[in-house]
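Student: here's a sequence, model it:
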Amino acid sequence: MNVLLLYPRFPSTFWSMQHALRFVRKRSAMPPLGLITVAAMLPADWTLRLIDLNIRKLTEADLAWADVAMISAMSVQKPSARELIARCRARQVPIIAGGPMFSAEPEEFEDVDHLVLNEAEVTLPEFLEDFTRGRARHLYTSPSFADIQKTPVPRWDLLELKHYFTMEIQYSRGCPYNCDFCQVTSLFGRRPRTKTAGQVVAELDSLRRLGWRSGVFFVDDNLVGNRKLVGTELLPALAAWQSRQKPPHNTFNTQATINIADDPKLLKLLSEAGFDMVFVGIETPDNQGLIECGKVQNRRRDMVADVKTIQRAGIQVQGGFIVGFDSDDETIFNRQVEFIQSSGIATAMVGMLQALPGTRLSDRMKRAGRLVEPSSSGNNVDGTTNILPLMGMTQLHEGYRRVLESIYSPRSYYRRVRTFLREYRLPKLHGGISFNGFYAFCRAALVLGVLGRERVDYWYTLAWTLLRRPRLFSHAVTLAISGHHLRRVCESSLQTPPAAS
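Tutor: Coordinates of the predicted model:
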């Protein structure tokens, strides 16, 4: 059995980092972790070929070789996924599909031969048994959650590693919180399920054996969902693993809740284990908005102080923000800008509230007759929403435009970078200067420092860093390059006209 594992293209989005990747000579930010994990569950006598369309093109020769195609995708990849499905059908290659997008909206993909949904550890074995016997059904689904301590090591060997900026590992699934706009609990439940520390170390060892020495993103939606287990087992095991490695060490980043700022011991353990960046869902500085969306862990806090606490522990904070809650009024836009600027969160993802399929928000908006479309674009910063906002679509869109124009203007962005660099304390484990890093600096000096409209702010920030925080110079260059990408994406989103209300 010749199997094509297909991963659709990402459009230019906030997290695609497409405009930054050329500075470090990479083609994609991250690999398709779901596909290479599923690959490790397939029969050993099947021949596998992975085509990540973010790395290279799918050829007619690939399709002629294949007996079957397996596709996984997220919602933002839907246009490319539909193109892949059409090409496979035109060549009469049977299609097996799974992953977040297909699990959330299976009714949109009746043209797919077999939908293997939810968690593959549960639904894939039954499908494979039926498929090998020639009696496979169209739909395989299950309400059960997988025991991920039985999940195999992903097939990293199928990847063209040199083309990726970072690798991915998953430690846990599920989140104890239940924010009403979030799909995590509907897909993976509220009880965090974890791998063993030994499994994680084995995955890291397998990556090191293949020569990977760069960053690793722990894709958990909330790494500290089971804080006790993370603090007593995972992080000590990662710190011990790091101590056994020769430089350069792998650095880690992940996603977590803002309340990690309450636990100095946990922050210290995260830093010692090699975590130097965390994405935090802050959403809004407005307490009524937090109540409305069920973000209980963010309420009644000085979140600017919390961010600075995390930064001083040697962990950069990236933040997610939302406008368009029912409780929002005209003041929310300036308040979001003030929070982002004062916190020093350089990478600030601001989006309009969207109701994702399967969420409590989607059900609530549907009952109220305010759901414009059953699905969202999956693009956090494309300037669209599938909800009719109480403040009016035009007012929301104009306010959103002002937020993006403000925080990603060169002057505001570089001021925010300097605010972060003042607070940040370089961790013990940090990446050194590589050839790619030197290449990135040289390219940035030309593209941003000579040709870019931000050149005055760029050189001022680099000079300021050399004088005030010279050990953070590479961080300043990295943030300048990231800012170039984020500014390009946000400028594009500002071209999107508001939908009719």
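Student: isn't residue 241 up against residue 204?
Tutor: Yes - Residue 241 is within contact range of residue 204, at 6.2 Å (criterion: CB atoms under 8 Å). (Each C-beta comes from the backbone N, C-alpha and C, glycine too.)
Student: what's the longest helix in the protein?
Tutor: Longest helix in the chain, counting residues (DSSP state H): helix 473-493.
Student: mean confidence for it?
Tutor: Mean per-residue pLDDT for helix 473-493: 94.
Student: list the buried residues of that helix.
Tutor: Buried residues in helix 473-493, counted by 16 or more other CB atoms under 10 Å: 474-487, 489-490, 493.
Student: domain parsing of this protein, as residue ranges.
Tutor: By the assignment in automatic domain parsing, the chain contains the domains 2-140, 166-422.
Student: nearest to residue 439, out of the ones you listed?
Tutor: Comparing these by their distance to residue 439 (CB to CB), the top pick is domain 2-140, with 6.6 Å.
Student: the closest one: end-to-end distance?
Tutor: Distance between the two ends of domain 2-140: 22 Å, counting by CA to CA, to the nearest Å.
Student: do the same with stretch 72-85
Tutor: End-to-end distance for stretch 72-85, by CA to CA: 11 Å.
Student: phi and psi next, for residue 282.
Tutor: phi -90, psi -40 (degrees, to the nearest 10).
Student: so what's the residue count around it?
Tutor: Other residues near residue 282 come to 29 when the count uses other CB atoms under 10 Å.
Student: burial count for the closest residue to it other than its chain neighbours?
Tutor: Closest residue to residue 282 apart from its sequence neighbours, by CB to CB, 6 or more residues apart in numbering: residue 319 at 4.8 Å. Residues lying near residue 319 (other CB under 10 Å) number 22.
Student: what of residue 370?
Tutor: 16.
Student: tell me the contacts of it?
Tutor: 387-388 (CB atoms under 8 Å, 6 or more residues apart in numbering).
Student: kindly report the same for residue 182.
Tutor: By CB under 8 Å, 6+ apart, residue 182 lies in contact with 175, 221, 356, 359.
Student: let's have the residues you listed in CSV, adding secondary structure.
Tutor: Output for the contacts of residue 182, formatted as CSV (DSSP: H, G, I helix; E, B strand; the rest coil):
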residue, secondary structure
175, coil
221, coil
356, coil
359, coil
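Student: which two among the residues you listed are spaced furthest apart?
Tutor: Across the contacts of residue 182 (CB to CB), the longest gap, 14.4 Å, separates 175 and 356.
Student: in stretch 291-298, what counts as buried?
Tutor: 292-295, 297-298.
Student: the more surrounded of residue 241 and residue 204?
Tutor: residue 204 (22 against 19).
Student: surely the more buried one and residue 171 touch.
Tutor: No - contact criterion CB under 8 Å: residue 204 and residue 171 do not qualify, at 11.0 Å.
Student: follow-up on the earlier one: out of the buried residues of stretch 291-298, which is nearest to residue 58?
Tutor: residue 293 (39.5 Å).
Student: remind me which residues of the stretch 301-450 of the chain are low pLDDT?
Tutor: 430-435 (pLDDT under 70).
Student: can you give me the strands for it?
Tutor: 316-323, 348-352 (DSSP state E, counting those that start in this stretch).
Student: and those as TSV, adding distance to residue 273?
Tutor: What follows is these, written out as TSV (distance: least, CB to CB, whole Å):
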stretch	distance to residue 273
strand 316-323	15
strand 348-352	25
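Student: those: which one's closest to residue 454?
Tutor: strand 348-352 (16.6 Å).
Student: CA atoms only for that closest one, dumped as PDB, please.
Tutor: C-alpha atoms of strand 348-352 as PDB (Å, rounded to 0.1, in the frame of the first residue of the first chain):
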ATOM      1  CA  ALA A 348       0.300  40.500  20.400                       C
ATOM      2  CA  MET A 349      -2.400  38.600  18.500                       C
ATOM      3  CA  VAL A 350      -5.500  40.700  18.400                       C
ATOM      4  CA  GLY A 351      -8.600  39.200  16.700                       C
ATOM      5  CA  MET A 352     -12.300  39.800  16.600                       C
END
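Student: contacting residues for residue 404?
Tutor: So residue 404 contacts 350, 381, 490, 493-494 (CB under 8 Å, 6+ apart).
Student: got it, and residue 449?
Tutor: By CB under 8 Å, 6+ apart, the neighbours of residue 449 are 455, 458-459.
Student: if we only consider the residues you listed, which is nearest to residue 34?
Tutor: Here the nearest of the contacts of residue 449 to residue 34, counting by CB to CB, is residue 458; it sits at 37.4 Å.
Student: any idea whether the closest one is helix, strand or coil?
Tutor: Once three-state DSSP is applied, residue 458 turns out helix.
Student: check contacts around it.
Tutor: 410, 414, 444, 448-449, 452, 480.
Student: and it, how far from residue 481?
Tutor: Note on residue 458: its distance to residue 481, by CB to CB, to the nearest Å, is 10 Å.
Student: which neighbours do the two share?
Tutor: Going by CB under 8 Å, 6+ apart, residues that sit against residue 458 and also against residue 481 are 444, 448.
Student: going along the chain, name the helices of the stretch 251-400 of the chain.
Tutor: Assigned by DSSP state H, counting those that start in this stretch, the helices in the stretch 251-400 of the chain fall at 264-273, 287-293, 303-312, 332-343, 360-367, 393-407.
Student: which of the residues in the last one are buried?
Tutor: Think helix 393-407. By 16+ other CB under 10 Å, the buried positions in helix 393-407 come out as 393, 395-397, 399-401, 403-404, 406-407.
Student: with distance to residue 376 as new columns, can those residues be given to me in JSON lines?
Tutor: Shown next, in JSON lines, are the buried residues of helix 393-407 (distance: CB to CB, whole Å):
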{"residue": "393", "distance to residue 376": "15"}
{"residue": "395", "distance to residue 376": "20"}
{"residue": "396", "distance to residue 376": "15"}
{"residue": "397", "distance to residue 376": "16"}
{"residue": "399", "distance to residue 376": "19"}
{"residue": "400", "distance to residue 376": "15"}
{"residue": "401", "distance to residue 376": "19"}
{"residue": "403", "distance to residue 376": "19"}
{"residue": "404", "distance to residue 376": "18"}
{"residue": "406", "distance to residue 376": "24"}
{"residue": "407", "distance to residue 376": "22"}
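Student: and those residues, which two are furthest apart?
Tutor: The widest separation within these (CB to CB) is 21.6 Å, between 393 and 407.
Student: doesn't residue 136 make contact with residue 130?
Tutor: Yes - at 4.4 Å, residue 130 and residue 136 qualify as touching, with contact defined as CB under 8 Å.
Student: in terms of neighbours, single out the busier of those two.
Tutor: Per other CB under 10 Å, whichever of residue 130 and residue 136 has more neighbours is residue 136, with 18 against 14.
Student: before we move on, the earlier item: from the middle of its chain, how far away would the longest helix of the chain be?
Tutor: On the basis of CA atoms, centre = their mean, to the nearest Å, helix 473-493 sits 16 Å off its chain's mean C-alpha point.
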